[in-house]
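**Q** Can you look at this prediction? I've put the sequence above it.
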Amino acid sequence: MATEPLHPDFYTRAGNPNHEQAAAVIAQLEGAERALLTATGMGAATTAALTLVRAGDHVIGQRSMYAGVTSMLLNLLPRFGVECTEVDQTDVEAFEAALRPNTSLVLLESPSNPRLEVTDLAAVAELARRQGALTLADNTFATPINQRPLELGVDLVWHSATKYMGGHADLMAGVVAGPTDVVERIWNTTQVVGAVLAPFNAWLLLRGLRTLSLRMDRHNANGMALSEALEGHPAVSRVYYPGLASHPGHAVAARQMSGFGGVLAFELEAGHEAADAFISRLRYAKRAASLGNVGSLVVHPAAMWAHAMTPAQLEAAGVSPGSCASQLALSTPTTSSKTSTAP
């Protein structure tokens, strides 16, 4: 495993000791040769994509992905002459059908945000490799504690390190990890676009990484417990959590994941207004958007993403009006009227 800085002793934008320490830990966790820190998760995703594609290329993404990446696919990359195709991530044959001679990049996310859909990473990575395309996977929800995409054949992995890697809701950061030569190319792009992490945030990130495995053990346990409780509730029409046997992607998830995380999604029978009212009544889980910290939170994806996606795009991504998404805290609350999560 390489440990020497990419570009030492030059300028803070080029790298610094705090960056190198945190990046080395993440590279080891992911089984990568190198890792590069960026200012945010979207900074990692966008900088990597701008490095790996050029005008005339074709990119494949998933219909169910983080809204920021969907916006990059549909709104940013086409402005530079890059054509993008979205496919159903649960259908490996859909990826195969979408591949073209000029496909240069396949963007993956598993489990996906917000419906926790599962992609067969090994199968899609093999298809892309045959075509000569690189694969870039978002591993934010799983973390390298639960899933290591590079071991499944994926070329590059990225995270919003703001979330589980940071773990304390007090920093913003991103990271991309993979082969040294490709990370070097992405580094060159960061020097132009300036998506560079502050050294102090890198120090905070290193602090969070020290407890990542301990925190994920509890997140995994709490995610499964609440998913099972909600699945039996009469007001809930469906629960999305890859650890449940009822999840369509459970078999694939069980094959490529060692744990299923602290994020789950569920739909209420009564729709949009009921979802909003339900969230407003919660006492323990707070309405907030940045998961991965030590507190529980809940969001209404249909409302939160309305600014970034059209109603048609939300529907295509499977975001129903009555959907809710939640991340469970490290500790399970005691049973009382103040902490009840019943719809």
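**A** Yep, it's here. Numbering: from 1, shown residues only.
**Q** switch to C-alpha atoms for all contacts and neighbour counts from now on
**A** Noted.
**Q** all strands for the stretch 101-250 of the chain, in order.
**A** Secondary structure of the stretch 101-250 of the chain by DSSP state E, counting those that start in this stretch: the strands cover 103-109, 134-138, 156-160, 174-178, 236-240.
**Q** So which of these is nearest Gly61?
**A** For the strands of the stretch 101-250 of the chain, the distance to Gly61 is smallest for strand 103-109, at 4.8 Å, taking CA to CA.
**Q** Show me what that closest one is packed up against.
**A** Counting contacts by 3 or more CA pairs under 8 Å, 6 or more residues apart in numbering; DSSP states H and E, strand 103-109 packs against helix 41-52, strand 58-62, helix 121-131, strand 134-138.
**Q** okay if I get those as JSON lines plus distance to Ser258, mean pLDDT and mean neighbour count?
**A** JSON lines is the format used below for these (distance: least, CA to CA, whole Å; pLDDT from 0 to 100; neighbours: other CA atoms under 10 Å):
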{"stretch": "helix 41-52", "distance to Ser258": "23", "mean pLDDT": "98", "mean neighbour count": "22"}
{"stretch": "strand 58-62", "distance to Ser258": "23", "mean pLDDT": "98", "mean neighbour count": "24"}
{"stretch": "helix 121-131", "distance to Ser258": "14", "mean pLDDT": "98", "mean neighbour count": "18"}
{"stretch": "strand 134-138", "distance to Ser258": "17", "mean pLDDT": "98", "mean neighbour count": "24"}
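**Q** Mind putting the ones you listed into CSV with distance to Glu86?
**A** Below are the helices and strands packed on strand 103-109 laid out as CSV (distance: least, CA to CA, whole Å):
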stretch, distance to Glu86
helix 41-52, 15
strand 58-62, 5
helix 121-131, 14
strand 134-138, 14
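**Q** quick one: which of these is nearest Ala288?
**A** Nearest of the helices and strands packed on strand 103-109 (CA to CA): helix 41-52, 17.4 Å.
**Q** okay, now the domains of this protein?
**A** Annotated domains of the chain cover 12-209, 212-327 [automatic domain parsing].
**Q** contacting residues around Asp57?
**A** Contacts of Asp57 were listed using CA atoms under 8 Å, 6 or more residues apart in numbering, and they are Gly81, Val82, Glu83, Asn102, Thr103, Ser104.
**Q** Swap in 10 Å and give it another go.
**A** Asp57 makes contact with 77-78, 80-84, 100-105 under the criterion CA atoms under 10 Å, 6 or more residues apart in numbering.
**Q** Let me know the closest of the residues you listed to Val183.
**A** Val183 lies nearest to Leu105 out of those, by CA to CA, at 15.0 Å.
**Q** of the contacts of Asp57, buried ones?
**A** Neighbour-count burial (16 or more other CA atoms under 10 Å) is assigned, among these, to Leu77, Pro78, Val82, Glu83, Cys84, Arg100, Thr103, Ser104, Leu105.
**Q** so the fourth one makes contact with Gly56?
**A** It refers to Glu83. Yes: Glu83 is within contact range of Gly56, at 7.3 Å (criterion: CA atoms under 10 Å).
**Q** mind listing what Gly292 touches?
**A** By CA under 10 Å, 6+ apart, the contact list for Gly292 reads 140-141, 160-169, 215-216, 219, 261-263, 327-330.
**Q** And His19, how close does it get to Gly249?
**A** As judged by CA to CA, to the nearest Å, His19 and Gly249 stand 36 Å apart.
**Q** So which of the two has more stuff around it?
**A** His19 (26 against 21; other CA atoms under 10 Å).
**Q** Next, the contact list for that one, please.
**A** Contacts of His19 (CA under 10 Å, 6+ apart): 5, 12, 35-38, 196-203, 205-206.
**Q** Drop anything exposed from these.
**A** Neighbour counting with 16+ other CA under 10 Å marks 5, 35-38, 196-199, 201-203, 205-206 as buried within the contacts of His19.
**Q** The closest residue to Tyr240 other than its chain neighbours: neighbour count?
**A** Closest residue in space to Tyr240, ignoring its immediate chain neighbours: Ala265 at 5.0 Å, by CA to CA, 6 or more residues apart in numbering. Residues near Ala265, counting by other CA under 10 Å, number 23.
**Q** what residue ranges in the stretch 1-150 of the chain are flagged as low confidence?
**A** 1-10 (pLDDT under 70).
**Q** so for stretch 196-209, what's the average pLDDT?
**A** For stretch 196-209, mean pLDDT rounds to 97.
**Q** a markdown table please, covering the strands of the stretch 101-250 of the chain and showing distance to Pro301.
**A** Formatted as a markdown table, the strands of the stretch 101-250 of the chain follow (distance: least, CA to CA, whole Å):
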| stretch | distance to Pro301 |
| --- | --- |
| strand 103-109 | 17 |
| strand 134-138 | 19 |
| strand 156-160 | 18 |
| strand 174-178 | 22 |
| strand 236-240 | 14 |
